[in-house]
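[1] I'd like to go over a predicted model; first the sequence, then the structure.
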Amino acid sequence: MDSLTLVCTVSLLAGGLYWFVCILGSAEQKGKHAVKLSGGSIERQHVQENYNQYWSFFRRPKEIETADKVPDFVDTFYNLVTDIYEWGWGQSFHFSPAIPGKSNLESTRIHEEMAVDLIGVKPGQKILDAGCGVGGPMRAIAKHSGCNVVGITINEYQVSRAKAHNKKAGLENQCDVVCGNFLQMPFDDASFDGAYSIEATCHAPKLEEVYSEIFRVLKPGAMYVSYEWVTTELYNGEDPEHVEVIHGIERGDALPGLRSYSDIAEVAKKVGFEVVKEKDLAKPPARPWWSRLKMGRIAYWRNHILVTVLEFFGIAPKGTVDVHEMLFKTADYLTKGGETGIFTPMHMILCKKPEKQQES
Ligand SMILES: C=C(CC[C@@H](C)[C@H]1CC[C@H]2C3=CC[C@H]4[C@H](C)[C@@H](O)CC[C@]4(C)[C@H]3CC[C@]12C)C(C)C
Ligand SMILES: C[S@@+](CC[C@H](N)C(=O)[O-])C[C@H]1O[C@@H](n2cnc3c(N)ncnc32)[C@H](O)[C@@H]1O
């Protein structure tokens, strides 16, 4: 073996080892390994077909206007993306402002803890997580507040992931997860001491429907906080570039249509809440929430190669590359939305259910 062959062989082996340990291995800490990417509850042979179906909703926009189809469409989306989110982002499926000197994980946790601090609940009380994902926020909030948290998600696969993570964290007695639609929740009236939703109600075709359900299950005097995805006052519906960015965000994130920041409080009041506070948490002095997305670009290329290889060898289901590519493009639209200031994923609204019901 001449020295050039030796150098090439050693470099290949070292590269392969780095790939295995740092790329495949790093995801292990978050709970998902690249070789285990799946289509959630969709059987592997149907992933491609489901992705095509998901995409066709946007080719025929009338379909998404049919509000009763939205939960199914959102469910399909989360079957397709949940594993990729966990693998490439972690167990919390939301953004948070960057905090100097803090890791992404710490900034995420601080953003989650702020939600439960705002609703002023006490240890032992029962709170609702509307649209809980795989439960990253739920676990942080349960640990921080000492509350019992009940999460609801439309996606069965997320329920199984969340339950497994809760058990692993030793929080299965404090955190419960239910599969269901937050537009018609399987919970009694006035059964919760507080509620929160983090970047989830944007999936509701009509905000009024989810807010009124949350209002119904809260006890009088209880508080609700939501981090909403909205267009800001800088968004101009006449500007084609703005429109393209917002459509890009909607397509890549299973949104039936982004709302304006100015609609949120109006809807909250309409369903009976008192609005205690409203603030875009992305506004300065907060540091950009999109910097994490931007900094990840090299990793996305690496991930793209990895999913292509995994799909080629039949390890990842066919369709995984398409889903990954969709997310890749979405990351760009989200970044543009953040940089131009026309979009925020953290318009915070804090509401209270009045002690006494208003006469209707
Ligand atoms: C609240 C919602 C989800 C917000 C974010 C958690 C996700 C939005 C875009 C996602 C991602 C984009 C790029 C992916 C990348 C190409 C891949 O290699 C690794 C995963 C990504 C970083 C992925 C992670 C989650 C997001 C940031 C919506 C749906 C309402
Ligand atoms: C972007 S994820 C956020 C998850 C979680 N809040 C977090 O921050 O990690 C949105 C969540 O809302 C849930 N969701 C969307 N529409 C829903 C519906 N109609 N009923 C129940 N859950 C829904 C999704 O299943 C998903 O879990």
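    Nice, thanks for sending it over. Ligands and ions are numbered 1, 2, ... in the order given.

[2] C-alpha coordinates for the strand ranked longest in the chain, PDB please?
    Ranked by residue count under DSSP state E, the longest strand found in the chain is strand 218-231. The C-alpha coordinates for strand 218-231 follow below in PDB (Å, rounded to 0.1, in the frame of the first residue of the first chain):
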ATOM      1  CA  LEU A 218     -60.500  26.300  33.000                       C
ATOM      2  CA  LYS A 219     -61.800  27.000  36.500                       C
ATOM      3  CA  PRO A 220     -63.100  30.600  37.100                       C
ATOM      4  CA  GLY A 221     -60.200  32.800  38.000                       C
ATOM      5  CA  ALA A 222     -57.700  30.500  36.200                       C
ATOM      6  CA  MET A 223     -55.100  31.900  33.700                       C
ATOM      7  CA  TYR A 224     -54.100  30.900  30.300                       C
ATOM      8  CA  VAL A 225     -51.000  31.900  28.400                       C
ATOM      9  CA  SER A 226     -50.200  31.300  24.700                       C
ATOM     10  CA  TYR A 227     -47.200  31.900  22.500                       C
ATOM     11  CA  GLU A 228     -48.800  32.600  19.100                       C
ATOM     12  CA  TRP A 229     -47.400  32.500  15.500                       C
ATOM     13  CA  VAL A 230     -48.600  35.700  13.800                       C
ATOM     14  CA  THR A 231     -47.800  38.300  11.200                       C
END
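
[3] what element comes up after it heading to the C-terminus?
    Sequence order places helix 240-252 as the next helix or strand after strand 218-231, per DSSP states H and E.

[4] helix, strand or coil for the closest residue to Gly135 other than its chain neighbours?
    Among residues not flanking Gly135 along the chain, Ala162 sits closest, at 3.6 Å (CB to CB, 6 or more residues apart in numbering). From N, CA and C alone the C-beta is placed, and that goes for glycine too. Assigned by DSSP: H, G, I helix; E, B strand; the rest coil, the conformation of Ala162 is helix.

[5] Would you mind confirming that Ala162 makes contact with Met138?
    Yes: between Ala162 and Met138 there is a contact under CB atoms under 8 Å: 7.1 Å.

[6] Need the overlap of contacts for the two.
    Shared contacts of Ala162 and Met138 (CB atoms under 8 Å, 6 or more residues apart in numbering): 132, 151, 175, 177.

[7] Could I have the buried ones of these as ChimeraX selection syntax?
    Burial among the shared contacts of Ala162 and Met138 is assessed by 16 or more other CB atoms under 10 Å; the matching ChimeraX selection reads:
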select :132,151,175,177
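
[8] what two of the shared contacts of Ala162 and Met138 are the furthest from one another?
    Taking CB to CB, the two most distant members of the shared contacts of Ala162 and Met138 are Cys132 and Cys175; they sit 9.0 Å apart.

[9] Quick check: neighbours shared by those two?
    138, 151, 162.

[10] Could I get the pLDDT score of the last one?
    According to the model's per-residue confidence, Ala162 sits at a pLDDT of 98.

[11] before we move on, what about the one 10 residues further on?
    According to the predicted model, the pLDDT of Glu172 comes to 97.

[12] change the start of the numbering to 421 and stick with it
    From this message on, residue numbering opens at 421, which makes the last subject Glu592.

[13] That one: what secondary structure?
    Following three-state DSSP, we place Glu592 in the coil state.

[14] Closest to the centroid, which residue in the protein?
    Phe513 (3.3 Å; CA atoms, centre = their mean).

[15] Quick check: Ser646 touching Cys622?
    No: counting by CB under 8 Å, Ser646 does not reach Cys622; the two are 9.6 Å apart.

[16] Skipping adjacent residues, who's closest to Leu675 in space?
    Cys622 (5.6 Å).

[17] Compute the first-to-last residue distance for stretch 546-557.
    15 Å (CA to CA, to the nearest Å).

[18] Now look at it and say if it contacts ligand 2.
    Yes: applying CB under 6 Å from any ligand atom, one finds that stretch 546-557 is in contact with ligand 2 at 551-553, 556-557.

[19] so which two of these are the farthest from each other?
    Across the residues of stretch 546-557 next to ligand 2, the longest distance by CB to CB is 12.3 Å; it joins Gly551 and Gly556.

[20] Setting aside sequence neighbours, what's the nearest residue to Ile762?
    Closest to Ile762 by CB to CB, 6+ apart is Tyr655, at 4.2 Å.
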